[in-house]
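Asker: Sequence first, predicted coordinates after that:
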Amino acid sequence: MFFLCYFLRYATLLLALVSYGCMTHSDKMASIKEAISFGQLAKAEKLISESGTLGHGKGKNRLLFFLEQATLYHHQKQYKLAEKSYMKASALIDELYTKSLSQGALSFVVNDSTIDYAGEDYEIIALHTMMALMYIEGGSLSKAHIEARRINTRLRELLKDEEATGSYEYHRDAFALYLSGLIFEANKNYDSAIIDYRRALETYDGGYQGGTTPNSLIRSLYLLAKQQGRSEITSSLSQKYQSHLNLVKKHNSRGGVIVLAKGYPSVGKVSQSFVFALGDQIIRYAWPVIPNISVPFPEYDFQIKKQSANVSRSSWPESRYRNHGELVQDHDRIARSVLEKKRLSLTAKSLTRLVAKGAITHELHQINPLLGVMANLIGIITETADTRSWSTLPGKIMMERYFLEPGQSYIIHYRSPGALDQRNVSYHLTPKKNELYFIILDYTRPHITITPKP
């Protein structure tokens, strides 16, 4: 009887450990993502600060702590705090690049979650695109200009690394190039803008996983090349994209408004697993997947209307943005594609680890059957999929470029889909010739900012 009670007590404890061990990073981040999706930023901030999963900026998940923290500050328009966290994350990426190489052996023994998370390549690029968007929202096109150059530097580094390893998982980011081109154009750095527009167009046209070729990109490149007298570019674009350019060939000004809309947090990875018996052992095999589910895009209500010279209110709709923008970046699809490209190497590593654990369990069972059972249970507990990712990164980003008449008065109406305060707010804009204005739509905020200030 005593032995039975003793056994049941420890069996219960071991089952609890197994249950906790089966909880993945994505399981523990679910409440934070939910709070942000519903605009409950104070709650999300408290959850992040109290989250042992993220290690409070220390331990193996410290990069994720700074990324999630930066995203939250970014939503809250606390730009200096967001910049500080983004910069810490950027510095960590450089530090962890070399350190992760020396930690690989541990992942073969326990699981991939035991080593420092160094970030996926697309997350490293996303760090710089999100920083660039933050600087734009904060009204600093000069800092965004610097970040655009960092985007290009990071992409060159990724390409160099992948050429050295022969593993081309992710080295071209069409949206990052498009965004950097827009920033260069806004800063009157036209030659660099043309270069990045052309690279972005080549990447989108090459079967980019993050989205199809945006019409606005073709038009942006065409009008800028036309202004700069680059006839070889305009002729090539006219031949290949004639139907896309009919509406903009009449424009004498290539300025206007860029509207970038953020989607809800990315889907993220989840764990799948199965358990089977092999000889005298129980084997658990687990692997990460990204569910192929469609997350609805926030229902932004955004209008630009030309204001009549005779009446004080808007007279006719120039354009309306309600999910009619173009999908320029799909982080969920990119993450899924990158994970699939790594599937073979992840499977090989898991099988090697299972063989090693099986051998250890067998040896201990020969010494003492109870030790073998304990080793087997520990093997089951520690065999978990690595589901870590930047959980609060927007899953999708949509964009539209409105080519407006310079000197004409426009009125902008906006209502946020997710902010607690959902009042309609209005803004006035009289665009200057060839001036590019940015508006970032964030579902957690009731207001927008126009950069540069009109």
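Answerer: On my side now, so go ahead. Values in this document were obtained by computation on a predicted structure and should not be read as measured data.
Asker: now the strands: where do they sit in the stretch 201-350 of the chain?
Answerer: 256-262, 270-278, 281-289, 301-307, 314-321, 326-330 (DSSP state E, counting those that start in this stretch).
Asker: starting at the chain centroid, how far to the fourth one?
Answerer: Using CA atoms, centre = their mean, to the nearest Å, the distance from the centre of strand 301-307 to the centre of the chain it belongs to is 29 Å.
Asker: Give me the helices and strands touching it, please.
Answerer: Counting by 3 or more CB pairs under 8 Å, 6 or more residues apart in numbering; DSSP states H and E, the packing neighbours recorded for strand 301-307 are strand 256-262, strand 314-321, strand 410-415. No exception for glycine: its C-beta is placed from N, CA and C like everyone else's.
Asker: can you put the strands of the stretch 201-350 of the chain in CSV and add mean pLDDT, distance to L96 and mean neighbour count?
Answerer: Listed next are those as CSV, based on pLDDT from 0 to 100; distance: least, CB to CB, whole Å; neighbours: other CB atoms under 10 Å:
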stretch, mean pLDDT, distance to L96, mean neighbour count
strand 256-262, 92, 27, 23
strand 270-278, 79, 23, 12
strand 281-289, 81, 19, 18
strand 301-307, 84, 39, 19
strand 314-321, 38, 39, 15
strand 326-330, 94, 24, 22
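Asker: Which one, of the ones you listed, ends up nearest to S243?
Answerer: Judged by CB to CB, the one of these that comes nearest to S243 is strand 326-330, at 15.2 Å.
Asker: before we move on, back to that, can you put the strands of the stretch 201-350 of the chain in CSV and add distance to H145?
Answerer: CSV is the format used below for the strands of the stretch 201-350 of the chain (distance: least, CB to CB, whole Å):
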stretch, distance to H145
strand 256-262, 15
strand 270-278, 39
strand 281-289, 37
strand 301-307, 26
strand 314-321, 26
strand 326-330, 20
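Asker: what ranges do the helices span in the stretch 351-454 of the chain?
Answerer: For the stretch 351-454 of the chain, the helices defined by DSSP state H, counting those that start in this stretch cover 369-382.
Asker: remind me which residues of it are low pLDDT?
Answerer: Counting by pLDDT under 70, the stretch 351-454 of the chain has low-confidence residues at 362, 375, 379, 381-382, 418-423.
Asker: now the strands: where do they sit in it?
Answerer: 396-402, 410-415, 425-429, 436-441, 450-451.
Asker: Mean neighbour count and distance to E83 added to these, as JSON lines?
Answerer: Output for the strands of the stretch 351-454 of the chain, formatted as JSON lines (neighbours: other CB atoms under 10 Å; distance: least, CB to CB, whole Å):
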{"stretch": "strand 396-402", "mean neighbour count": "23", "distance to E83": "20"}
{"stretch": "strand 410-415", "mean neighbour count": "19", "distance to E83": "25"}
{"stretch": "strand 425-429", "mean neighbour count": "14", "distance to E83": "25"}
{"stretch": "strand 436-441", "mean neighbour count": "22", "distance to E83": "16"}
{"stretch": "strand 450-451", "mean neighbour count": "18", "distance to E83": "16"}
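Asker: Nearest to H74, out of these?
Answerer: Across those, closest to H74 is strand 436-441 (CB to CB), at 10.0 Å.
Asker: tell me what the closest one is packed against?
Answerer: Against strand 436-441 (3+ CB pairs under 8 Å, 6+ apart) you get helix 121-137, helix 174-186, strand 256-262, strand 450-451.
Asker: so the first one versus strand 396-402, what angle?
Answerer: Spelled out, it's helix 121-137. Interaxial angle of helix 121-137 relative to strand 396-402 (axes from the mean of the first three to the mean of the last three CA atoms, to 10 degrees): 40 degrees.
Asker: Helix 121-137 relative to strand 436-441, how many degrees between them?
Answerer: Using the same axes, to 10 degrees: helix 121-137 against strand 436-441 is 110 degrees.
Asker: Show me what the mean pLDDT comes to for helix 121-137.
Answerer: The pLDDT scores in helix 121-137 average 96.
Asker: on contacts alone, who are the packing partners of that helix?
Answerer: Partner elements for helix 121-137 (3+ CB pairs under 8 Å, 6+ apart): helix 62-75, helix 79-109, helix 141-165, helix 174-186, helix 331-341, strand 436-441.
Asker: any idea of the mean pLDDT for the second one?
Answerer: When pLDDT is averaged over helix 79-109, the result is 77.
Asker: what does stretch 28-38 give?
Answerer: pLDDT averaged over stretch 28-38 gives 81.
Asker: Now that stretch: buried residues?
Answerer: Using 16 or more other CB atoms under 10 Å as the test for burial, stretch 28-38 gives K28, M29, I32, K33, A35, I36, S37.
Asker: can you tell me how far the closest residue to the second one other than its chain neighbours sits from S37?
Answerer: Spatial nearest neighbour of M29, excluding adjacent residues (CB to CB, 6 or more residues apart in numbering): S391 at 4.4 Å. When CB to CB, to the nearest Å is applied, the distance between S391 and S37 equals 11 Å.
Asker: Next, show the common contact partners of these two.
Answerer: P265 (CB atoms under 8 Å, 6 or more residues apart in numbering).
Asker: on that earlier part again, could you check the distance from the residue nearest to M29 over to I32?
Answerer: According to CB to CB, S391 and I32 sit 7 Å apart.
Asker: Identify the contacts common to these two.
Answerer: Contact criterion CB under 8 Å, 6+ apart; residues shared by S391 and I32: E68.
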